[in-house]
Each structure stands twice: as C-alpha cells, then as structure tokens.
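> how would this look folded up:
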Amino acid sequence: EDIRTLEDWWPLAYPDPKYRYWVADQWQTSLNDAVQAKSDFTPFEVNIRCKNGMNRFFMAKAVNLEENFSGIHLVALFDITDHKLAQQELEKHRDHLAELVQDQTQKLMKNEQLWRLAIESSGDGVWDWDLQSNNVMFSKRWKEMLGYRDAEFENNFQAWSESVHPNDIDKIIKDKLQPFLEAKSANYSAEFRMRCKDGSYKWILARAMITDRDTQGNACRIVGTHTDIDVIKRMEQKALSANRAKSEFLANMSHEIRTPMNGVIGMVDVLLNTPLNEHQMHITRIIRDSAYTQLGILNDILDFSKI
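Here you go, the predicted model:
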C-alpha cells in the first residue's frame, strides 16, 4: 500500500537525494554498458531504507527479458546485510588491531613486559620471533588460545608451522611471510587456521612488525599478535551458506514450474498439427507464443539463481 509506483519507491528507499541520484545514475550506466557490450548487467551494492526506518544492504541485479535490455527487465535485490556487517566488524577489528600493534610496538623498546601485558589483556596472544636463532617466544595467552598450557607448546618456528592447517601453510609463507621478510610488503597480516590441542581448527588473524634489523637492513626480530577470529569467520560462512540456500531454493522452484510449462508447449505443438479452423489456429498460436515467453522468463530466473 505504501508503494504503488516506481516514483513512490525512490524517495522511500533512498531518502538522501544525493545518494538517490547516484543510484539512479548507476542503474542507467550499468544498463547502458550491458546494451553496448551485449553482456550481463553488472551487479552493484545499494543501501536501502526499510519501512521500520532501518537501513539494509542489498546486491542489485537485473535480468534481461528482452534483447539488449531494450524493454522490460526483471530487477532482483539480494539482502547481504548480515554478510556486510560481518565484514565491517572484521575490518573494524583489523583496524583496531593494527593501531594496537603499531602503538604497542613503539613502547616495546622502552618496556617490553608492560607491552605484552597490555596486548594480552585485550585477549590477543603475543609472539616474538628471533630470526637469527629461529626461536619464537609464544606468550601464555597465545598458547591458551589453542588450548595449551605454557609448557605444552614448544617455542620454535617448527612447532608453529606444524600447527597451521596443511592447506594454509604454503600460502602464508609464500604470499605473506616471505614478501614481508624481503621488504616487499610493509606489513604482515594473515588469516589462517591453526590446530588446537583437541584436534579442532581455529581461525587466527596474525599481524606483525619488524622491530630490529641488522646493518644490511635484514630483519632480525619480528613481534606480532594472534587474534581469535573464529566466530567472525563462522558468521561469514553462515552468511554465504544462507545466500547459497536462497539460490538453490529459487533454482528448484524454477525447475518445478518449467517442467509443466514444457508439457504445455509440447501439447500445443501437437494441437497445431491437428485440423483446426482459422479462429482455433489463431488462439492456439497465442497460447504457444505466451508459453514460450513465460518459459523464457523462467529460464532467465533459473540462470540468475546460479550466480
């Protein structure tokens, strides 16, 4: 009842005029690009004001119902709010951790013991790697995060590498750690799974800074933190699973509708091959054309559900 026309929709969904004009321009640009390139509409993200006054994030997509988007097109909005909020929470945590690492690392040279206490009080674990001896100091909190007591986990690089998930270790060393040590990357930040004492795996966010270099500029010492991001990662996975479930449901429904539609088309074709007068032939062809149009729409919906 609140929305009867497209003109009613725009000011309610996008109360900010500047943002409303941006969305309208984005729609037109994407449609024009699709027509010129004869390709699919490029999805984009929008922030929509709901009836309850709250804003939610959606992924907007249009499915072509006529050639080159020249006429009617089906618009779909997929709610990605939960996934978006999980990403924002993760980014906020990353930014907070980056500031914490930078600030506390500067204080490390003055009072290392106080720095470690401050980090661990926030729930993060501290690690201190001496590259010359290859010894690594893992703090008590670092080990507790994985379910170990202080004496149950050895303080060396091998113990850490053997605890990282087999599918993650090579990528971490090649794409993250090695470029960082070779000064090709200013900061070290990596997400990976580590095996806990009970055999389960937990997602960890590791960040670090080089605190000491030799006369040639090579890294001698790295100090960093481990943050437990397992809950955030599981939230992301649940959000992705929910989106997949929606797509599968739409695909199944499309199949259920398309099957009888094919039956209608088949029977109409049979009917057209029987003796019919001119009026009957005209009506039957209308039925056939309408059925093919409806089937085309269903096929587009089915294809879109696979995205």
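
> would you put the C-alpha positions of stretch 155-172 in CSV?
C-alpha atoms of stretch 155-172 as CSV (Å, rounded to 0.1, in the frame of the first residue of the first chain):
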residue,chain,number,x,y,z
ASN,A,155,58.8,-22.1,21.4
ASN,A,156,60.1,-22.5,17.9
PHE,A,157,59.1,-21.9,14.3
GLN,A,158,58.6,-25.6,13.5
ALA,A,159,56.1,-26.0,16.3
TRP,A,160,54.0,-23.1,14.8
SER,A,161,54.3,-24.3,11.2
GLU,A,162,53.2,-27.9,12.1
SER,A,163,50.1,-26.5,13.8
VAL,A,164,49.0,-24.4,10.8
HIS,A,165,46.4,-26.1,8.6
PRO,A,166,48.1,-28.0,5.8
ASN,A,167,46.0,-26.1,3.2
ASP,A,168,47.1,-22.7,4.6
ILE,A,169,50.8,-23.1,5.5
ASP,A,170,52.3,-22.8,2.0
LYS,A,171,50.2,-19.8,1.0
ILE,A,172,51.1,-18.0,4.3
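
> That one: how far from the chain's middle?
Computed by Cα atoms, centre = their mean, to the nearest Å, the chain-centroid distance of stretch 155-172 equals 25 Å.

> Any chance you could list what contacts it?
Counting contacts by Cβ atoms under 8 Å, 6 or more residues apart in numbering, the residues outside stretch 155-172 that touch it are 127, 129, 134-138, 146, 153, 173, 190, 192-195, 201. Bear in mind the C-beta positions are built from the backbone N, C-alpha and C, glycine included.

> what does stretch 274-290 give?
For stretch 274-290, contacts defined as Cβ under 8 Å, 6+ apart pick out 264-265, 268-269, 271-272.

> Just the closest of these to residue 300, please.
Residue 300 has its nearest neighbour among those in residue 265, at 16.6 Å by Cβ to Cβ.

> so how far is residue 296 from residue 26?
As for residue 26, its distance to residue 296 is 27 Å (criterion: Cβ to Cβ, to the nearest Å).

> Same question for residue 271.
Separation of residue 271 from residue 296 (Cβ to Cβ) stands at 21 Å.

> just checking, next helix/strand downstream of the helix or strand that contains residue 24?
If you go by DSSP states H and E, residue 24 is part of helix 17-37. Counting by DSSP H and E, the element after helix 17-37 in chain order, helix or strand, is strand 44-49.

> which is the next helix or strand following the lowest-mean-pLDDT helix or strand in the chain?
Lowest by mean pLDDT, DSSP states H and E among the helices and strands of the chain is helix 112-121, with a mean of 53. Downstream of helix 112-121, the first helix or strand assigned by DSSP H and E is strand 125-130.

> what angle separates the helix or strand containing residue 97 from strand 44-49?
Assigned by DSSP H and E, residue 97 belongs to helix 81-108. Orientation check (axes from the mean of the first three to the mean of the last three Cα atoms, to 10 degrees): helix 81-108 against strand 44-49 gives 100 degrees.

> per-residue confidence averaged over helix 81-108?
Mean pLDDT, computed over helix 81-108, is 79.

> how about the helix holding residue 24 as CSV, C-alpha atoms only?
The C-alpha coordinates for helix 17-37 follow below in CSV (Å, rounded to 0.1, in the frame of the first residue of the first chain):
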residue,chain,number,x,y,z
PRO,A,17,18.7,13.0,-2.7
LYS,A,18,22.4,12.8,-3.5
TYR,A,19,22.5,9.1,-2.9
ARG,A,20,19.2,8.6,-4.8
TYR,A,21,20.6,10.3,-7.8
TRP,A,22,23.8,8.2,-7.6
VAL,A,23,21.8,5.0,-7.5
ALA,A,24,19.7,6.1,-10.5
ASP,A,25,22.8,7.0,-12.4
GLN,A,26,24.5,3.7,-11.5
TRP,A,27,21.4,1.8,-12.8
GLN,A,28,21.4,3.7,-16.1
THR,A,29,25.1,3.3,-16.5
SER,A,30,25.0,-0.4,-15.9
LEU,A,31,22.1,-0.9,-18.3
ASN,A,32,23.8,1.2,-21.0
ASP,A,33,27.1,-0.8,-20.5
ALA,A,34,25.2,-4.1,-20.8
VAL,A,35,23.5,-2.9,-24.0
GLN,A,36,26.7,-1.7,-25.6
ALA,A,37,28.7,-4.7,-24.6
